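> one predicted model, sequence on top.
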Number of protein chains: 2
Amino acid sequence: MLRISRLTDYGTLVLAHLPAREAELMSAAEVAAATGINLPTVSKLLKSLTKAKLVASGRGAQGGYRLARDAARISAAEIIDALEGPVSITECSATDSHCDLESVCSVGNAWQRINVAIRRALQEINLTELQRARAPVPRFELAGTPIHVERKG
Amino acid sequence: MLRISRLTDYGTLVLAHLPAREAELMSAAEVAAATGINLPTVSKLLKSLTKAKLVASGRGAQGGYRLARDAARISAAEIIDALEGPVSITECSATDSHCDLESVCSVGNAWQRINVAIRRALQEINLTELQRARAPVPRFELAGTPIHVERKG
DNA sequence: ATAAAAGAGGACTATTTTAGTCCTATTTGA
DNA sequence: TCAAATAGGACTAAAATAGTCCTCTTTTAT
């Protein structure tokens, strides 16, 4: 449930290894070597991330990639959107369409609202935080009840 | 993305239509009629929900289903777990295993921590709230920054 | 007793998503 | 002008999801 795809996970790893905004470009092959992910896959990810403007690219010899902005200005939500498209938690909330069950759907946009809330939270998490493997654990507050999230093991 | 499956969405709808804890049982066929979902699918959902103890069943003639507890005591997290299994946001966080990229994975359990946080939040949302189509919008607070989530349109 | 109504459980198929690979075109620097 | 790169997209393979169906057991009413 509530799963991001493996490619998005890899994509985050790729982003975490990329040179900073003003630094020298790094080729897809180098990124593949650094991350241990297959070159074709890295290449595909970098293309998507470039199209989404999270990554800047240079073509030709000595070409390559680097972050398009400071890591602190790249959010988890943007990474997900770039690699999976802006899909929502349920199908009918995704399309904002009228599904067959509409007339009977008392649940309606409950999941939708949850989805929005989660997405907002994800917008507050940036790549820098994703890079810090042991960063302080996030805290969510829902409907006034603060919830502290402990580390797993 | 962060998507729940369509079956989970349907499952929530089914739950929302089920009689309360002490009420009379409702057959799968009746639930199917009430929700507009195919009988085989409703049946499958109800079996899963029963196995997960969210729903109580009676067999034989006059048999059927009803909620096993008050709607207020059934959380969104439980619904997801019942219908999709306790899968986590990323693969390696799901298995707690050692993936090939471990040595290089500076991202590590960042998504994992996010996942835990989201799950905790989901535990605070109950079926009653899911039933209220226009309930007050949830608020998340992440890492000290309160985020208010407006209604969509 | 027995038949009918209902759920339990699981096997199976089809569909859809996701992942991964590869080919061709374009750009750039030496 | 050649080689090193990215851009873009087509294609295949694998996996997850959805949906259907069959058989067995339980319960109630006749």
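Perfect, thanks for sending it.

> so where is chain A shaky, pLDDT-wise?
Scanning chain A for pLDDT under 70 picks out A:1-2, A:86-110, A:112-113, A:116-117, A:132-153.

> at 50 what do you get?
Counting by pLDDT under 50, the ranges of chain A that qualify are A:1, A:93-99, A:101-108, A:133-153.

> enumerate the residues of it near DNA strand C.
For chain A, the contact set with DNA strand C under CB under 7 Å from any atom of the strand comprises A:5-8, A:10, A:38, A:40-41, A:43-44, A:58-63, A:84. Backbone N, C-alpha and C define where each C-beta goes, glycine included.

> give me the number of residues near A:V55?
A:V55 has 23 neighbouring residues, counting by other CB atoms under 10 Å in any protein chain shown.

> let me know the helix or strand that the nearest residue to it once chain neighbours are set aside is in.
For A:V55, ignoring the flanking residues on the chain, the nearest one in space by CB to CB, 6 or more residues apart in numbering or on different chains is A:L49 at 4.2 Å. Following DSSP states H and E, one finds A:L49 within helix A:39-51.

> give me the phi and psi angles of the nearest residue to A:L39 once chain neighbours are set aside.
Excluding its sequence neighbours, the residue lying closest to A:L39 (CB to CB, 6+ apart) is A:A32, at 4.3 Å. As for A:A32, its main-chain torsions (degrees, to the nearest 10) stand at phi -60, psi -40.

> ok, A:A32 - contacts?
A:N38, A:L39, A:T41, A:V42, A:S43 (CB atoms under 8 Å, 6 or more residues apart in numbering or on different chains).

> also A:A20?
Contact analysis of A:A20 by CB under 8 Å, 6+ apart lists A:R66, A:L67, A:D70, A:A71.

> any of the residues you listed buried? List them.
Listed as buried from the contacts of A:A20 are A:R66, A:L67, A:A71; burial here means 16 or more other CB atoms under 10 Å in any protein chain shown.

> which one among those residues gets closest to A:N126?
A:N126 has its nearest neighbour among the buried ones among the contacts of A:A20 in A:A71, at 6.6 Å by CB to CB.

> nearest residue to that closest one in space, please, no chain neighbours.
Nearest to A:A71 is A:L127, by CB to CB, 6+ apart, at 4.0 Å.

> distance-wise, check the residue in chain A positioned nearest to DNA strand C relative to A:L39.
Going by CB to the nearest atom of the strand, DNA strand C is nearest to A:G60 of chain A, at 2.1 Å. For A:G60, the distance to A:L39 equals 18 Å [CB to CB, to the nearest Å].

> quick one, strands of chain A?
Counting by DSSP state E, chain A has strands at residues A:55-58, A:64-67, A:139-142, A:145-148.

> about what we covered before: please, a PyMOL command that selects the buried ones among the contacts of A:A32?
Per 16+ other CB under 10 Å, the buried members of the contacts of A:A32 correspond to this PyMOL selection:
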select buried, chain A and resi 41+42+43
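
> report the buried residues of stretch A:60-69.
By 16+ other CB under 10 Å, the buried positions in stretch A:60-69 come out as A:G64, A:Y65, A:R66, A:L67, A:A68, A:R69.

> I should have written stretch A:33-49 there, sorry.
For stretch A:33-49, the neighbour count (16+ other CB under 10 Å) marks A:A34, A:T35, A:G36, A:I37, A:T41, A:V42, A:S43, A:K44, A:L45, A:L46, A:S48, A:L49 as buried.

> show me where chain A has helices.
For chain A, helices defined by DSSP state H occupy the ranges A:6-17, A:28-35, A:39-51, A:76-84, A:91-95, A:110-123, A:127-131.
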